[in-house]
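In: I'll drop the sequence and a predicted model, then ask my questions.
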Amino acid sequence: MPVRQLPEQVVNRIAAGEVVERPASVVKELVENAIDAGASRIDVFTDGGGRRRIGITDDGSGMTAKDLALAVERHATSKLDDEDLLQIRTLGFRGEALPSIGSVARLSITTRHASEPHAWALTVEGGEKSGIMPAALAHGTRVEVNDLFYATPARLKFLKTDRTEAEAIREVVRRLAMARPDVAFTLAGEERAPVTWAAA
């Protein structure tokens, strides 16, 4: 068989496997984005162990329409300059999380920056991006991930039960909450009472 270059969509789905291993890794990446955006409150909602739905809402700085369009492109980041490799102070910096999630799931982002007259929304489904549309959101960012791994169904068989995946998510949120006592966290869903970690 001759050597050939893989289509970009296939490359992106393979690369996504390095970032998106299971629902808990999606939650970790999205919550770290919220922390890097200066959020003081982060609400996490999951259903089906995160397989069916993951929702993260924060009161961070939000994004402009221009930044939102770039945020779903691979290796696009607001957290790193050319000179900064030895002085990284953020949790995320590679610009991999959102495009990776969008290549294997149905991703929806609604965000509002203080400089914008209203919020903006964008969806990515299996790597296919929609146009940016005006939306309603007071401030911050809301990210929804539905049907995780629908675009790579072989990955689903490696997931544990919904309960086990939900426990892994709870542990990720708990650790992040312990590491950032200045941020209030709420974890809800999975037909359980919400768990709250109040800001100190």
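Out: Nice, I can see it.

In: in stretch 154-161, what's buried?
Out: Going by neighbour count (16 or more other CB atoms under 10 Å), the buried part of stretch 154-161 is 155, 159. From N, CA and C alone the C-beta is placed, and that goes for glycine too.

In: CA-only coordinates of that stretch in CSV, if you can.
Out: Output in CSV follows, covering the C-alpha atoms of stretch 154-161 (Å, rounded to 0.1, in the frame of the first residue of the first chain):
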residue,chain,number,x,y,z
ALA,A,154,-15.1,2.3,18.9
ARG,A,155,-14.0,4.4,21.9
LEU,A,156,-17.3,3.8,23.7
LYS,A,157,-16.4,0.2,24.4
PHE,A,158,-13.4,1.3,26.5
LEU,A,159,-15.6,3.3,28.9
LYS,A,160,-16.7,1.9,32.3
THR,A,161,-20.3,1.9,33.6
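
In: Need the residues that contact that stretch.
Out: 17, 22-23, 49, 51, 104, 149, 165, 168 (CB atoms under 8 Å, 6 or more residues apart in numbering).

In: Going by neighbour count, which of the residues you listed comes out on top?
Out: Within those, most neighbours by other CB atoms under 10 Å means residue 23, with 28 neighbours.

In: Can you give me every residue that contacts the nearest residue to that residue once chain neighbours are set aside?
Out: Spatial nearest neighbour of residue 23, excluding adjacent residues (CB to CB, 6 or more residues apart in numbering): residue 50 at 2.5 Å. Contacts for residue 50 (CB under 8 Å, 6+ apart) come out as 22-24, 26-27, 145, 148, 165-166, 169.

In: Cross those against strands and list the overlap.
Out: Those of these mapping onto strands are residue 145, per DSSP state E.

In: which SS state does residue 32 fall under?
Out: helix (DSSP: H, G, I helix; E, B strand; the rest coil).

In: ok, it touching residue 179?
Out: No - the criterion here is CB atoms under 8 Å, and residue 32 misses it with residue 179 at 10.2 Å.

In: which of those two has more neighbours?
Out: For residue 32 and residue 179, the more surrounded residue by other CB under 10 Å is residue 32, and the numbers stand at 17 against 10.
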